[in-house]
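Trainee: predicted model and sequence below, questions to follow.
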Amino acid sequence: MSRREQYLIGFSLAAFVGAVLLFALVIWLLWLQSVKTEEARVANLAETLGQKTEQIIVDARDMLDRLNRLPASACSAEHVRVMQEAAVARPYIRAIGYWRADSRICGVGFIQAIELKPPRADRIYDSGVIAWWPSPQTEVSGVRLFLMRLGKHDIAIDPRLLLQTELVQDRQAGLWVENLPLATAPWGVEMPALDSFPVGLFVDRENDRVVSRFSLGAVLPIDVVAIEPLHHFWDRYASMITVAISFGLALFAVWIYIVLRFSRHQLSLATELKEALARGHVEVYYQPILDLASGRCVGAEALARWVREDGRVVDPEVFLPVAEEAGLVPKITLAVLSATIRDLGNLLRENADISININLTPEDLASDEFSYTLAEQTEFAGIAPEKIKLEITERAIIDSDRSRGMIRNFRSRGHKVAIDDFGTGYSSLSYLETFEIDTLKIDKSFVDAIDKDAVTSHVIGHVIELSKSLDLETVAEGIETPQQVEWLLEQGVLLGQGYLFGKPLPARGFRRYFRRQKDSRVYPIRQKLRRWQAS
Amino acid sequence: MKTGIALFFALVLLGGCESMGPDSRSGSSSPQASEPATASIESEPQPTAEPAPAAGPRIAVLDWSDYENERAEHRQALLASSRQFLSAEEVGYYMDVQKAQLREILHDTDIGLRHESGLIVLSVAGGDGFASNSSRFSPAIEAQLSLIAPILKEFDKTHITVHGHTDDAGEATYNQELSVRRAMSVARFFADAGIAFERIAVVGYGESSPTSSNKTPAGRAKNRRIEIHIQAVVG
């Protein structure tokens, strides 16, 4: 898997995870907010209902106490009038009765001919209050009443009026006092046992509803359970959810955009190359150039090599198009120059008969930066200008007057100039006469054709002739076989480079190579060739 | 004054408890003083006239060794004479309401309240209520009894048995008599408050059923006690 693919997968994954997290975060926040709001709503309802109930119970008890202390004769007109007023003032009261032991002597309200005497009290309080929760024994005309008695008076409360339906609206509500069911809304709806509801809000997905239980305990333990169908919940928050999802999608889009931009930036080789340049990861390899006759190394062509993070070396054919597109070529050239002077400074100073070729592109010639840097660095390093040969392409010469001026300038400063890849660029060779150049480099494609009897092999002869006629030094590129060398020598080509003599070498390798071949006995190239042929 | 009378009656009754037993059981059921029309709703009226000591109603004394039978007999006699009774369905409500009213006045006093089916038991812990070797009860207890009495009077379909207990100081026979005297002093108080004497019986257990150890003063004080058993009369 290439590094680029790894990056791609990594960024896709990051984008996906980021988006999912964002979305989840939004939905989660929304959910929290909805639950909080709903909780507040239901809590508010429960509190209102609970307080109302508490208030009614306390009020009923106080009323009974006042009636018991009334300084009027039992069942006198005054007594009945006070009871009447108390009942009328409280809509939840169905009746008030005055009792002696278990006999109802007189009273007001709807219950007149009946004595409600449930056999078992649900609660007896220290205050003397005795209470009977709604049951079949307290039923009058189909309504099960809540009874309270204190001393000689009792009161019948209609529990339906404890849960105000206008507050409950389309929900269901249940009221428990002392953990005993007292009322439901709508009236008569079946409610599960109080214990089956956890305190607080929970979503009962099994029954598609939101259930919330809230408790008060100031005077009496009071519990209110509110049940809301889940679809109400969604109805209420549908708009909010829509907004949130839109927002989420927008965030998602922004996120993806950011990630894509970032990844494209990151993924591009140009960026990587730029970083490599900044970190000095562009190194220079040197391909030896030999005197074909003597086999002596007379120089080298400096070739940029990009050493990537994982240690792999990238050839210029791969990264040069990228570099050209990103306008990084001049930087690479400068890097090559600096590296060459750094790597081979001593070698160049100590050996007279060696020069290093540096490739220039039209971009390098478009500004003065290279020219200045070249002058500055060679001077600073104490390297003679003729030790640095500049290789330019045909295209660079054709392109502009500025380039020509620049080349002229280089030559006037003592640099040699070579035409690289000769024969591949332009059909017109007329420029060769108009330019002052020193060397002509025959492209590898011509050299390859030497033994193959192809049409191009005839061309190379003409190229060589042309070079000779212009009095140019000729260098053959891409020599791979001894036959090629022989043929080239026969044609009078004196210099060459290629894998036959050596691959491009790193600086240290090249230095070793140069030193070795300099110190060893120099064989004429023909002897060497014979040896190669024999083996 | 009132306690003095009670004590007096108790002593008189003690003298001939055997012979008076059957007599009291078949005693008349003349209604108590009627409720005046002007009384406030809250408070029941007190008897307007104290009965003359010599001709006063007689309160039955039950034999503790055969208590359950004798009480049943006494209750049966009450049922026969008064025709004031509850049906089985009414008992629950009747006793619940009565208990609630008793609870209101007793919940912050030393008097304990126990409720079983159809039976309410009030325990007057004797600690400070009765001095040792005395049947007189303290003003504090009298105040509480005077609150209990109207309720017992209102809920008249009950049978009341006052149980007396002593500590183990002194002779057992003496303590037996003393416990009867103590119970009787309470019973007399209720009768004086207007509760029909046919509804009331006393029983003395002497030192025979202590609830605490007699070895400490605190335990002995607890053992000097009165229990008021209020039982629904079910027909």
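Mentor: All right, it came through fine.
Trainee: helix or strand: which one has A:Trp487?
Mentor: Here A:Trp487 sits within helix A:482-490, counting by DSSP states H and E.
Trainee: distance from that helix to the middle of the chain?
Mentor: Distance, stretch centre to chain centre, for helix A:482-490: 60 Å (Cα atoms, centre = their mean, to the nearest Å).
Trainee: helix or strand right after that helix?
Mentor: With secondary structure assigned by DSSP H and E, helix A:482-490 is succeeded by strand A:495-496.
Trainee: residues contacting that next one, please?
Mentor: The contact list for strand A:495-496 (Cβ atoms under 8 Å, 6 or more residues apart in numbering or on different chains) reads A:289-292, A:298, A:473-477, A:479, A:485, A:488. Where you see a C-beta, it was placed from the backbone N, CA and C, and this is true even at glycine.
Trainee: tell me the two of the residues you listed that are most distant?
Mentor: The distance between the two most remote of the contacts of strand A:495-496 (Cβ to Cβ) is 17.0 Å, for A:Glu473 and A:Val485.
Trainee: when those two are compared, which one has more neighbours?
Mentor: Shown here are A:Glu473 and A:Val485; by other Cβ atoms under 10 Å in any protein chain shown, A:Val485 has more neighbours (28 against 16).
Trainee: distance-wise, check A:Asp235 relative to A:Gln33.
Mentor: From A:Asp235 over to A:Gln33 the distance is 16 Å, taken as Cβ to Cβ, to the nearest Å.
Trainee: now swap in A:Leu273 and tell me
Mentor: Taking Cβ to Cβ as the measure, A:Leu273 and A:Gln33 are separated by 49 Å.
Trainee: kindly report the same for A:Phe380.
Mentor: Looking at A:Phe380 against A:Gln33, where the rule is Cβ to Cβ, the gap reads 69 Å.
Trainee: neighbour count for these two, which is higher?
Mentor: A:Gln33 (13 against 10).
Trainee: now the helices for chain B?
Mentor: With helices called from DSSP state H, chain B shows them at B:2-15, B:17-25, B:67-82, B:90-106, B:139-154, B:172-192, B:217-223.
Trainee: and these, which one is worst for confidence?
Mentor: For those, mean pLDDT drops lowest on helix B:17-25, to a mean of 36.
Trainee: per-residue confidence at A:Trp133?
Mentor: Here the pLDDT value assigned to A:Trp133 is 92.
Trainee: what of the one 4 residues further on?
Mentor: The score at A:Gln137 is 91. That number is its pLDDT.
Trainee: A:Asp59 too?
Mentor: What the model reports as pLDDT for A:Asp59 is 92.
Trainee: for it, what are its contacts?
Mentor: For A:Asp59, the contact set (Cβ under 8 Å, 6+ apart) comprises A:Arg90.
Trainee: list the beta-bridge partners for B:Ile230.
Mentor: Bridge pairing for B:Ile230 (DSSP bridges) gives the partners B:Ile120, B:Ile160.
Trainee: surely it meets B:Leu119?
Mentor: Yes: under the criterion of Cβ atoms under 8 Å, B:Ile230 lies in contact with B:Leu119, with a separation of 7.0 Å.
Trainee: who has more neighbours, those two?
Mentor: Counting neighbours by other Cβ under 10 Å for B:Ile230 and for B:Leu119 shows that B:Ile230 has the greater number, 23 against 16.
Trainee: list the contacts of the more buried one.
Mentor: Neighbour list for B:Ile230: B:98, B:119-122, B:152, B:155, B:158-160 [criterion: Cβ under 8 Å, 6+ apart].
Trainee: also A:Val189?
Mentor: Contact analysis of A:Val189 by Cβ under 8 Å, 6+ apart lists A:172, A:174.
Trainee: and what of A:Pro229?
Mentor: Contacts for A:Pro229 were tallied using Cβ under 8 Å, 6+ apart; they are A:208-210.
Trainee: so which of those residues is the most crowded?
Mentor: Of these, with other Cβ under 10 Å as the count, A:Val210 tops at 23 neighbours.
Trainee: how deep is the residue in chain B that chain A sits nearest to tucked in, by neighbour count?
Mentor: Among all residues of chain B, B:Glu104 sits closest to chain A, at 2.7 Å; criterion: Cβ to the nearest Cβ. Counted by other Cβ under 10 Å, the residues lying close to B:Glu104 total 20.
Trainee: would you mind measuring from A:Gly382 to chain B?
Mentor: Here the distance between A:Gly382 and chain B works out to 115 Å (Cβ to the nearest Cβ, to the nearest Å).
Trainee: got the phi/psi numbers for that residue?
Mentor: Note on A:Gly382: backbone dihedrals following degrees, to the nearest 10 are phi 70, psi 40.
Trainee: with A:Ala121 instead?
Mentor: Backbone geometry at A:Ala121, expressed as degrees, to the nearest 10, gives phi -70, psi 140.
Trainee: and what of A:Leu162?
Mentor: Here is the backbone geometry of A:Leu162 (degrees, to the nearest 10): phi -80, psi -40.
Trainee: show me what contacts it?
Mentor: When contacts are counted by Cβ under 8 Å, 6+ apart, A:Leu162 is found next to A:49, A:52-53, A:56, A:92, A:146, A:175, A:182-183.
Trainee: likewise B:Val202?
Mentor: So B:Val202 contacts B:59-62, B:161-164, B:180, B:183-184, B:186-187 (Cβ under 8 Å, 6+ apart).
Trainee: closest point of chain A to chain B, which residue?
Mentor: Taking Cβ to the nearest Cβ, chain A has A:Gly128 as its residue nearest chain B, at 2.7 Å.
Trainee: excluding its backbone neighbours, what's nearest that residue?
Mentor: Of all residues not flanking A:Gly128 in the chain, B:Glu104 sits nearest, at 2.7 Å (Cβ to Cβ, 6 or more residues apart in numbering or on different chains).
Trainee: quick check: that neighbour touching A:Ile130?
Mentor: No: with the criterion set as Cβ under 8 Å, B:Glu104 and A:Ile130 do not qualify as a contacting pair; they are 9.6 Å apart.
Trainee: intersection of neighbour lists for these two?
Mentor: A:Leu150.
Trainee: among the contacts of A:Pro229, which are located in strands?
Mentor: For those, the ones inside strands are A:209-210, with DSSP state E as the criterion.
Trainee: what confidence value was assigned to the spatially most central residue of chain B?
Mentor: Residue closest to the average C-alpha location in chain B (Cα atoms, centre = their mean): B:Val162, at 3.5 Å. Per-residue confidence (pLDDT) for B:Val162: 94.
Trainee: same check on A:Pro71?
Mentor: Looking at A:Pro71, its pLDDT is 93.
Trainee: would you turn the contacts of strand A:495-496 into TSV with pLDDT, distance to B:Tyr174 and secondary structure?
Mentor: Formatted as TSV, the contacts of strand A:495-496 follow (pLDDT from 0 to 100; distance: Cβ to Cβ, whole Å; DSSP: H, G, I helix; E, B strand; the rest coil):
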residue	pLDDT	distance to B:Tyr174	secondary structure
A:Ile289	92	145	strand
A:Leu290	90	147	strand
A:Asp291	89	152	strand
A:Leu292	86	153	coil
A:Val298	91	149	strand
A:Glu473	90	154	strand
A:Thr474	91	155	strand
A:Val475	92	149	strand
A:Ala476	92	150	strand
A:Glu477	91	145	coil
A:Ile479	90	147	coil
A:Val485	88	151	helix
A:Leu488	89	154	helix
